[in-house]
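Trainee: Pasting the sequence and the predicted coordinates here, then a few questions.
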Amino acid sequence: MNVCRAKTAGFCMGVSLALQKLNSALEGSSGRVKGVEPGRICTLGPIIHNPQVLADYEARGVVCVKDPSQLQPGDVAVIRAHGITRQVERQVFESGATVVDATCPKVKKAQLSIARATAQGATLLLFGEEDHPEVRGLISYASGPAHVFGNAEELAALHLDPACPYVLASQTTQDREIFTAIRETLSSSLKDLAILSTICDATRERQEEARNIASSVDVMVVVGGRQSGNTRRLADVAALSGIATYHVESAEELEAANFANKSQAGLTAGASTPKSLIDAAEAWLSAL
């Protein structure tokens, strides 16, 4: 089978930077003073959303904590790429742990933009997944009320007051085309609307490439963690082209029967998917 592999598939800048910081913390812990008990290397939640990467770091001794109360003085606490809430960040610094901020620069920029834009109490309208850690972090930077919506229907259900000030922003990995349509709808109905461009360019590029590839192949494969929002949206974008699309975490999940009578396969991967997993999926498809 011929395979068209996306050039943008795999680690984005934010993920690469976060893992570099975690690796540096691990390297630093191995060089501590002999006879002095080293603290743990901890992450506040999963550093990224990829199970294979997380398993590798766990095997290297990294501890994933769910709450700052689990941190101890002497620990190194690495803030995840998705960022954390303001309240949790405060608790992390109060824990006595050494803090390494591995928040993606694009996410950090979105957090600070929301803080500035809502400083006078404007209501934040955030397009994203309510339970996603990045979204929880973004919401915590709003000075006024905040509403999260995942689609146009949820937005319509909010019954917004046209006379009140609003700020529209997005989770950094959301679909830009959908966000543009939402922006146009709100701009025509709200008198005082500030719009923040918080969708990452890497997300846009990956989604556009997925659309282009899906339009010229028989089937699409998207590799990445099921907890990864950007990976799920790549699969959604590909599926909208009308072809069969398979979201898998590794090549082991692929089934030959699904590719019978197919000659052209498209292959892409989420921003937290290691190259080794993409290579394995390409090799599997090429062998058909």
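Mentor: Structure's in. What do you need? Residues are numbered from 1 along each chain as shown.

Trainee: can you list the weak-confidence ranges in this structure?
Mentor: 29-38 (pLDDT under 70).

Trainee: need the strands for it, in chain order.
Mentor: 2-5, 41-44, 63-65, 76-79, 98-101, 123-127, 146-149, 165-170, 192-195, 219-223, 244-248, 264-269 (DSSP state E).

Trainee: List the neighbouring strands of the last one plus their orientation.
Mentor: When pairing is defined by DSSP bridges, strand 264-269 lines up against strand 2-5 (parallel), strand 219-223 (parallel).

Trainee: How about the second one?
Mentor: In the sheet, strand 41-44 lines up against strand 63-65 (parallel), strand 76-79 (parallel) (DSSP bridges).

Trainee: Give me the contacts around it.
Mentor: Defining contact as Cβ atoms under 8 Å, 6 or more residues apart in numbering, one finds that strand 41-44 is touched by 22, 25-26, 29, 57, 61-65, 68, 70-71, 75-80, 84, 88, 92, 97. Heads up, the C-betas are built off the backbone N, CA and C, glycines and all.

Trainee: can you check the first one too?
Mentor: For strand 2-5, contacts defined as Cβ under 8 Å, 6+ apart pick out 213, 216-217, 263-268, 278, 282, 285-286.

Trainee: now, which of those sits nearest V167?
Mentor: V167 has its nearest neighbour among the contacts of strand 2-5 in T268, at 32.1 Å by Cβ to Cβ.

Trainee: how far away is the nearest residue to that closest one once chain neighbours are set aside from S250?
Mentor: Setting aside the residues directly before and after it, T268 is nearest to A6 in space (Cβ to Cβ, 6 or more residues apart in numbering), at 3.8 Å. Distance, A6 to S250, by Cβ to Cβ, to the nearest Å: 17 Å.

Trainee: same check, this time on S95
Mentor: 35 Å.

Trainee: who has more neighbours, the two?
Mentor: Neighbour totals were compared for S95 and S250, and S95 leads with 19 against 16 (other Cβ atoms under 10 Å).

Trainee: check contacts around V221.
Mentor: 245-246, 248, 254, 265-268, 281, 285.

Trainee: what's around L44, how many residues?
Mentor: 27.

Trainee: Quick check: beta-bridge partners of it?
Mentor: Here L44 shows beta-bridge partners V65, I79, assigned using DSSP bridges.

Trainee: And N23, how close does it get to C12?
Mentor: 17 Å.

Trainee: Neighbour count for the two, which is higher?
Mentor: For N23 and C12, the more surrounded residue by other Cβ under 10 Å is C12, and the numbers stand at 26 against 12.

Trainee: number of nearby residues for D56?
Mentor: 12.

Trainee: V148 and G128 touch, don't they?
Mentor: Yes. Judged on Cβ atoms under 8 Å, V148 makes contact with G128 at a distance of 5.9 Å.

Trainee: In a markdown table: the contacts of V221, plus distance to H159.
Mentor: As requested, those are arranged in a markdown table below (distance: Cβ to Cβ, whole Å):
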| residue | distance to H159 |
| --- | --- |
| T245 | 35 |
| Y246 | 39 |
| V248 | 40 |
| L254 | 45 |
| A265 | 45 |
| G266 | 41 |
| L267 | 43 |
| T268 | 38 |
| A281 | 45 |
| L285 | 48 |
